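Engineer: Fold the stuff below for me.
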Amino acid sequence: MCLLCDDEKAYKAYMDFLDAVERKGKVADPNAAMDAVLDHLEALDAARAKENKARQDDPANDKTLSPFFCSPINK
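Structural biologist: The predicted structure is shown next:
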């Protein structure tokens, strides 16, 4: 549980996951729940990083271009 105590978002996701499993009438394994929550959070972070990378690579979003620099024309 030490991994989740430091991260409020991860702890909340863990508790929400346990609640959802218990609402279905099942008994949640805490270790499996922690693995599932951490995998889900890592997937969200990876998707967010991929989206940010795509946004940064777009020349239209490049804020470092000088007005005297010829940037590619979007067609």
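
Engineer: Next up, the contacts around Asp19.
Structural biologist: Asp19 makes contact with no residue under the criterion Cβ atoms under 8 Å, 6 or more residues apart in numbering. For the C-beta atoms, the positions are set from N, CA and C on the backbone; glycine is no exception.

Engineer: where's it, which helix or strand?
Structural biologist: Per DSSP states H and E: Asp19 is located in helix 8-23.

Engineer: pLDDT averaged over that helix - what is it?
Structural biologist: The average pLDDT for helix 8-23 rounds to 84.

Engineer: Tell me which stretches of the protein form strands.
Structural biologist: Ranges of strands in the chain, per DSSP state E: none exist.

Engineer: Report the separation between the spatially closest residue to Leu18 that is not a sequence neighbour and Glu51.
Structural biologist: Spatial nearest neighbour of Leu18, chain neighbours left out: Ala28 (5.0 Å); criterion: Cβ to Cβ, 6 or more residues apart in numbering. Using Cβ to Cβ, to the nearest Å, Ala28 is found at 31 Å from Glu51.
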